[in-house]
Every structure is written in structure tokens, then in C-alpha cells.
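>>> structure, please.
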Amino acid sequence: MSNGNIVLFYPKLGWMDVFVIDLPLSIIYVSHHCSVSGIEIRYVDQRVEGDSWKSVLLEAVDDKTLLIGFSCMSGEPILRSLEATRYIKKHYPSLPTVWGGQHATICPKETLKEQSIDYIIRGHGSMSLKNLCNHISNGAYELSSVEGLGWRENGGIQLNPMSDGLDFPALDELDFTGIDINRYTRFQYSKKVYSLFTSFGCPHKCKFCFAPIFYDNIKGKKWFAYSVDEVVGHLENMVRDYNIGYISILDEMFFLDKNRAREILLGVIERGLELEWGIRGVRIDDLDRMDNDFFELMSNAGIRQMMIGAESGSERMLKIMKKGITVEQTIRVNKRLKDFPKLIPSYNFLSGIPGEHIDDMYKSVSLILTLLEDNPHANFSGMNQFVPFPGSELYDICVQNGFHEPQSLEEWSFVDTHYNRGNVLWLDKKFIRILHSIQSSLMFIDDKTSRELSSCEGDSRDWRKSAKRPFIIRMIFKLIVLLGSFLKTVAKFRLKNKFFIFPFEYYLAITGASIMSKLQVLQKKS
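Numbers count the residues shown, from 1 in each chain. Just a heads-up that it's a prediction; the model follows:
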């Protein structure tokens, strides 16, 4: 295959881009086999390019470009990737376009109905992308042999079987050529942030989750982990080469193998790596199996934030979800974590599942208040609204309750876990109003606003910025902090009294996210 180049596009994700812009790991990983085959990789990240993304995208294309790939999740990213796909087709009609990622995997036929999309790749598609490039370059590889590939042919849609194995590059083979790591950061973080997968997959069968769908076709073990030496060595290299100070672990199950996790943390300490960590995939039952010595090790190694799926305060709903945890476990672990103030638990809740009653939501509210009372360090990442995805156990139940699957990419863009505008017929207006009110209350109940923005005025914590900002931005931040203090009082009142009439904070939060996004642009320009 003659050398050429491919352009990989990563879209804006939504309102969270205001606070978090991590490395686009999905397109970095999927580029691996192309890169080692001599194909040049050109990245375009809409989140960091801002308003100039169109010109950057066009400039990335030349007469040696084999294809343009788009990574896309359901929700708002669909609109962003769709706009970019149609834009590039307008300027380069014959240039092949490929969609991959979560949405193309679970909704392949709906994705291929869009005429600007030529191919999709389902599952982990690094080798498939390389083989597709091979086909486009010289026709030496048959489309029917490309695992996970989908395309239109003779008026129909062709879908090849997905790969039944997990294939990932070694950590020291990750190629960041074309990626400026300095452009990836988090709001108010002074340390350089590096996001990383140390493992892939999840053996659990939570009925609401995307993972069982994604890994259903994988034969054998559904969890792949890099070795301890590989992870620790990679972290050491990143600290040395890029001055990384904060590690964001994106594993779905970092603590599945507790001994492996312990050895990684010990290795970081032994090599003198001064790191702080945030870990996304933490299960409460894994924490419940740890003793206090393990918690102390986690604290000493620099773990600061743990994203924990508490999901619900209703035992009935936890059983429906097949979550495999109990409310008692969550309360017990939270009390123990109080003695380790550097370990900040950030609890996530889920609501809106068919069969859930308002009383179940109220039980979640009661659990939230208990967690706050037992541990003043407890945080809450939110109460997400359940979204039914084809292939999940709950999907058929949703259809029976009146759910009509979106028939176009535009319709799927309205499906969001925070600000869902999709078709949810099994929830009445009262349920949705209460859910929105709880969602907004959790934004303010744990001082997130003041914690994130007060540091603009010189907070001494070493992992936050106290950088100088334009006067107008500092004044606006002060106003938001003051408003946040008021809304914290409102949130406490709402949750304690279950007073969820007229959730004005919900709409303020939506407006506030839009304002913050514009302020980010203003700050960059200044």
C-alpha cells in the first residue's frame, strides 16, 4: 500500500467542554495500525480549534488523503460531526468519510442512512481502519473482509461482523505526533493533565450501560489490562517527557484486579512520581472490599477524585439495573472515606428507567443527603437521565412503554443524559420536573461552583490555577460564585423538603453553561 494520510476529526462534546478537554484518545488509539503502516495521521479536534475548525479541517486535506474519520458518541456530538461531515463532502465530494465510536456501533443502520457518511466501523476499529485504507488505496483488501465495517451497496446496507477480540497498542507505542498535549487541560487546573486507559472492558452486566452491548461479541475474558510495569513505566515517561502532573484514568474498571491496582500505586510511589489522579470507573463494591491500608495507599499515591456509580437510593431500582451493589455498601464506604479527606468520592446517580416511581427518586434524594451528612468531602457528579440504546436489556422494555427509536442522526442528537429532549413517553411531566430539579440541585449542593471559580482569585490549592484573567471575566466569575452560594441554599432546601416545584435553577444551569463557553472563547482571545 502506498503511503498517504488520513484525517481524524474529534467533535465538540457539549457543555462539559467548558470544564474538561481531555486528549481525544478514541482517535489516537484507532490510528495505531495506520500509523505503524506508514500512513500519516492528521488530527483535527473541534474542541481546541474553536471557530477556526473549518479552515483547519480543509487545510488538513490534500491529494494524498485517503479518508476522513469521525469519532462520535450519541447526543450533541452527532450534530457536530454531522456538520463537519457534510462540510467536507461539500468541498471534497469523492473523499471517503468514515464514522466510528459508540453511536455507529450501536446504531449502524441509522448512521448509514446519512448520505454524507460512506462507511462506519463498529467496535475497536484500529486494524479495520488500516484495512479500509488498504482497500481505498489499491483495492487489495476486500470490503467484505474488514471486521466491523458497514457501507451502502445496491440500495441496501452491508454490515460485516465485528471483531470478537480486543486489540490495543502497547502503551509505549502510542504516537502523539500531531497532538499538542499542552492544548488539553481542565478548567482551573494548573498541572498538565494526561488522560489514560490502563485497561479496557467490563465483565458486569448493568442493564442501563453501553459496555455490555459493546463487549457482547468478545470471546473469552471481557477485560483487558496493561501490565503493572507497562503502566508505571508509561506514567514515568509521560512525567519526564511532558511534565504531566495530573492523571485522569478512564478505565471502566480500574480496581477490578485489586492486586494489580495496588502494584501500580506502589510503583508510582517507589519511582517518586509526584502525581495526582482522578479515576472514572470506580465501583462501590470494589471499594467495600478494600481495607483502610489500601485507602491510605491510594491517598499517598495521589488519588484525589473517584467517580463512583451509586446510581440509586432504591434497592428495588438497583436490582432492576442489575448493578450488583446495595445502598448499605454505599453508605458504609462513604463513612470510611471520611477518614481519608484527600480521597474525594464523586457519586453519580441515574434516573428515568421504565418502572421507576417518584418514591424511588426520593430514596435517591435521601441517600444523597445521608452521604453529605456522613462525609463533608462527598461530591456529586449528577443524576443522569437514562437513555435507551438498541441492544441493551432495558431497550425492549422501553419500546413496550412507547419509546420510538430516533430515525435519523438529528433525532439522536436530542438524546442526552443531562438535557434530554428525546421521546421519553414512560415519564410523566411531574417525574421529569422533579428529575430536572434534582439534577440542578446536585450542581450546587457540594460547593462545586465556588470550588472551581473562587480559585480564580488566588486559591492556594496547587492543582488549581490562580492565573490572571481579564477584569470582566473575573467580575463575572465573582457574580457566579455569589449566585452559586445562593443556589446551594436553594438546593439544600429542595432536597431536604422534597420541594421540586418550578426548577428555575435547571434552566439557569443550561444558560450558565452557554455563558461559560463564551467566556472561554473570550479568555482565549484575550
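>>> how far away from the center of its chain is stretch 374-387?
Computed by CA atoms, centre = their mean, to the nearest Å, the chain-centroid distance of stretch 374-387 equals 16 Å.
>>> gap between the two ends of that stretch?
Stretch 374-387 has an end-to-end distance of 31 Å (criterion: CA to CA, to the nearest Å).
>>> where does the protein dip in pLDDT?
For the chain, the stretches with pLDDT under 70 are 1-2, 187-188, 416-423, 448-474, 476-477, 510, 512-526.
>>> what's the top helix by length along it packed up against?
Longest helix in the chain, counting residues (DSSP state H): helix 471-497. Helix 471-497 sits against helix 358-374, helix 429-444, helix 448-453, helix 504-525, with contacts defined as 3 or more CB pairs under 8 Å, 6 or more residues apart in numbering; DSSP states H and E. C-beta: built from backbone N, CA, C; applies to glycine.
>>> and the contacts of the second one?
Taking CB atoms under 8 Å, 6 or more residues apart in numbering as the criterion, the residues outside helix 429-444 that touch it are 349, 351-352, 356, 358, 361, 364-365, 368, 380-383, 385, 418, 424, 427, 449, 484, 487-488, 490-491, 494-495, 500-501, 503, 505-506, 508-509.
>>> how about a cut-off of 6 Å?
With CB atoms under 6 Å, 6 or more residues apart in numbering as the test, helix 429-444 has contacts from 351, 380, 382-383, 484, 487-488, 491, 494-495, 500, 503, 505-506, 509.
>>> out of these, who's nearest residue 409?
Residue 409 has its nearest neighbour among these in residue 382, at 25.3 Å by CB to CB.
>>> in the sheet, who's paired with that closest one?
Beta-bridge pairing for residue 382 (DSSP bridges): residue 348.
>>> count the residues that sit near it.
17 (other CB atoms under 10 Å).
>>> from residue 500, how far out is the residue sitting nearest the centre point of the chain?
By CA atoms, centre = their mean, the chain has its centre lying nearest to residue 250, at 8.1 Å. Distance check for residue 250 against residue 500: by CB to CB, to the nearest Å, it reads 33 Å.
>>> likewise residue 133?
Using CB to CB, residue 133 is found at 53 Å from residue 500.
>>> so for those two, which residue has more residues nearby?
residue 133 (24 against 21).
>>> now do the SS call for that one.
helix (DSSP: H, G, I helix; E, B strand; the rest coil).
>>> show me what contacts the residue lying closest to it once chain neighbours are set aside?
The shortest distance from residue 133 to any non-neighbouring residue, by CB to CB, 6 or more residues apart in numbering, is to residue 66 (5.0 Å). Contact partners of residue 66, counting by CB under 6 Å, 6+ apart, are 4, 6, 133, 136, 137.
>>> ranking by neighbours, what's the top pick from the residues you listed?
Neighbour tally across the contacts of residue 66 (other CB under 10 Å): the maximum, 28 neighbours, falls on residue 6.
>>> buried set for stretch 236-244?
Under the neighbour-count criterion of 16 or more other CB atoms under 10 Å, stretch 236-244 has 236, 238, 239, 244 buried.
>>> please report how far the third one lies from residue 274.
Yep, that's residue 239 we're talking about. For residue 239 relative to residue 274 (CB to CB), the value is 8 Å.
>>> repeat that for residue 51.
Computed with CB to CB, the distance linking residue 51 and residue 274 is 37 Å.
>>> before we move on, what about residue 258?
24 Å.
>>> likewise residue 248?
The gap separating residue 248 from residue 274 is 16 Å, by CB to CB.
>>> and the residue nearest to residue 127 when sequence neighbours are not counted, what element?
Using CB to CB, 6+ apart and skipping residues adjacent in sequence, the residue nearest residue 127 is residue 33, 5.0 Å away. Per DSSP states H and E: residue 33 is located in helix 32-36.
>>> just the buried residues of that helix, please?
By 16+ other CB under 10 Å, the buried positions in helix 32-36 come out as 32, 33, 34, 35.
>>> quick one: the helices in the stretch 251-400 of the chain?
In the stretch 251-400 of the chain, the helices defined using DSSP state H, counting those that start in this stretch lie at 258-270, 284-288, 292-301, 315-321, 327-337, 358-374, 395-400.
>>> again but with the stretch 1-150 of the chain, I slipped
If DSSP H, counting those that start in this stretch is used as the criterion, the helices of the stretch 1-150 of the chain fall at 25-30, 32-36, 46-49, 53-60, 76-91, 102-106, 108-112, 126-138.
>>> among the ones you listed, which is nearest residue 445?
Nearest to residue 445, of these and by CB to CB, is helix 76-91 at 25.1 Å.
>>> just to revisit the earlier point, distance to residue 85 and mean neighbour count added to the helices of the stretch 251-400 of the chain, as TSV?
Below are the helices of the stretch 251-400 of the chain laid out as TSV (distance: least, CB to CB, whole Å; neighbours: other CB atoms under 10 Å):
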stretch	distance to residue 85	mean neighbour count
helix 258-270	39	17
helix 284-288	40	19
helix 292-301	42	16
helix 315-321	35	18
helix 327-337	42	19
helix 358-374	38	18
helix 395-400	26	16
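>>> how much space separates residue 138 from residue 31?
Residue 138 is 20 Å from residue 31, where distance means CB to CB.
>>> sorry, that was for residue 298
The spacing between residue 298 and residue 31, counted by CB to CB, is 33 Å.
>>> ditto for residue 414
To residue 31, residue 414 is 30 Å away according to CB to CB.
>>> quick one, which of those two is more surrounded?
It is residue 31, of residue 414 and residue 31, that has more neighbours when counted by other CB under 10 Å, with 26 against 17.
>>> nearest residue to the more buried one other than its sequence neighbours?
residue 41 (4.5 Å).
>>> residue 215 contacts residue 200, correct?
No - applying CB atoms under 6 Å as the test, residue 215 and residue 200 come out as separate, 8.7 Å apart.
>>> who has more neighbours out of the two?
Using other CB under 10 Å, the more surrounded residue of residue 215 and residue 200 is residue 200, with 23 against 20.
>>> quick check: that one is in a strand.
Yes - the assignment for residue 200 (three-state DSSP) places it in a strand.
>>> this completes my enquiry, with thanks.
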